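**Student:** could you look at this predicted model? Sequence included:
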Amino acid sequence: MSLRSSLGKVKGLGSAKEGVHHWRLQRLTAIALIPLTLWFVVSLLSKVHADHATVVAWVSIPYVTVLLLALSIALFWHLMLGVQVVIEDYIHCTTKQIVAQLLLRAFAGLGALLAVVSILKISLGTH
Amino acid sequence: MSNRPLSPHLQIYRPQLTSVLSITHRATGVALSLGTMVLLYWLQAVARGPEAYAAAQEFLGCWLVKLVLAGWTWAFFYHLCNGIRHLFWDAGKGFELRHVYASGYTVLAAATTLTALTWGYVLFVAGGAA
């Protein structure tokens, strides 16, 4: 017999007090990444030997800029959610756990920012 | 506490396709996460200009880096295909044992085929110089 209230079950708030938020965002970013990464890989294949001007011209096409930004955000978000669970599972010392989680967030946050700024600089720069 | 019986640990637990594919999903996820640094390196090289871009193209074209990139490509396709397998499980489909094995072998075959096609294109169709 469960002692949880009906309201508690409906809200889905477990011990982490965030319910299915993490699980749902991991799936949402995963689904977004299926078409985005496939598009990106196929696009890169046609630019294996492309010169700088060709790549800049490609990134500057408005829909390409938007898709690259979407890819960057979904990618680093998904990465953070995934590696977070790996760290939770394998690092048992509390101090190391907190340090690792902070480093992961720094990496994911700065990585996403670097990608976004690079893409915007290429796309919006004067050329 | 220390005298309690424990379930068999990994060292004496016979590997099965299901458990191996499961840990491979994690391993490829971590590898791909680290690999985003290559993507960031390439992007900021494009942003910095033609000289930085040319240097990046030369670095990415050396055979050792290409070998790592080929491994990374397999990790990408594996994580993609197995991720789709997980999404079907999340929807409650494909849990029959024979389906789990069939989808597992399909994922391995698909990842390997897609990696071969990708690098076949890069090396033999696009021309192997880069």
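**Tutor:** Arrived safely, thanks for sending.
**Student:** hey, let's count contacts and neighbours off CA atoms from now on
**Tutor:** Fine.
**Student:** any stretches of chain A with poor pLDDT?
**Tutor:** A:1, A:8-17, A:126-127 (pLDDT under 70).
**Student:** how about the helices of it, start to end?
**Tutor:** For chain A, applying DSSP state H gives helices covering A:6-11, A:21-45, A:52-60, A:62-90, A:94-124.
**Student:** what helix or strand is the residue nearest the centre of chain B on?
**Tutor:** Nearest to the mean C-alpha position of chain B, by Cα atoms, centre = their mean, lies residue B:75 at 0.9 Å. Residue B:75 belongs to helix B:63-90 when assigned by DSSP states H and E.
**Student:** what's the helix or strand for residue B:52?
**Tutor:** With DSSP H and E as the test, residue B:52 turns up in helix B:50-61.
**Student:** check residue B:98 too.
**Tutor:** Per DSSP H and E: helix B:97-120 holds residue B:98.
**Student:** if you count neighbours, what's buried in that helix?
**Tutor:** Going by neighbour count (16 or more other Cα atoms under 10 Å in any protein chain shown), the buried part of helix B:97-120 is B:100-101, B:103-104, B:107-108, B:110-112, B:114-115, B:118-119.
**Student:** which of those residues are close to chain A?
**Tutor:** residue B:118 (Cα under 8 Å from any Cα of the partner chain).
**Student:** what's the closest of the buried residues of helix B:97-120 to chain A?
**Tutor:** For the buried residues of helix B:97-120, the residue nearest chain A by Cα to the nearest Cα is residue B:118; the value is 7.8 Å.
**Student:** ok, now which ones touch residue B:81?
**Tutor:** Contacts for residue B:81 (Cα atoms under 8 Å, 6 or more residues apart in numbering or on different chains) come out as B:107, B:110-111.
**Student:** what about 7 Å?
**Tutor:** B:107, B:111 (Cα atoms under 7 Å, 6 or more residues apart in numbering or on different chains).
**Student:** quick one: name the residues of chain B near chain A.
**Tutor:** Listed as neighbours of chain A in chain B under the rule Cα under 7 Å from any Cα of the partner chain: B:30, B:33, B:40, B:43-44, B:46-47, B:50, B:53, B:80, B:122, B:126, B:130.
**Student:** and these, which are buried?
**Tutor:** B:30, B:33, B:40, B:43-44, B:46-47, B:53, B:80, B:122, B:126, B:130.
**Student:** residues near residue 42, how many?
**Tutor:** Using chain A here. Using other Cα atoms under 10 Å in any protein chain shown, residue A:42 has 11 neighbouring residues.
**Student:** wait, I meant chain B there
**Tutor:** The number of residues packed near residue B:42 is 20, by other Cα under 10 Å.
**Student:** was I right about it contacting residue B:56?
**Tutor:** Yes: counting by Cα atoms under 7 Å, residue B:56 is a contact partner of residue B:42 at 6.4 Å.
**Student:** OK, contacts around the nearest residue to residue B:50 once chain neighbours are set aside?
**Tutor:** Leaving aside its chain neighbours, residue B:50 sits nearest to residue A:52 (5.5 Å; criterion: Cα to Cα, 6 or more residues apart in numbering or on different chains). Residues near residue A:52 by Cα under 7 Å, 6+ apart: B:46, B:50, B:53.
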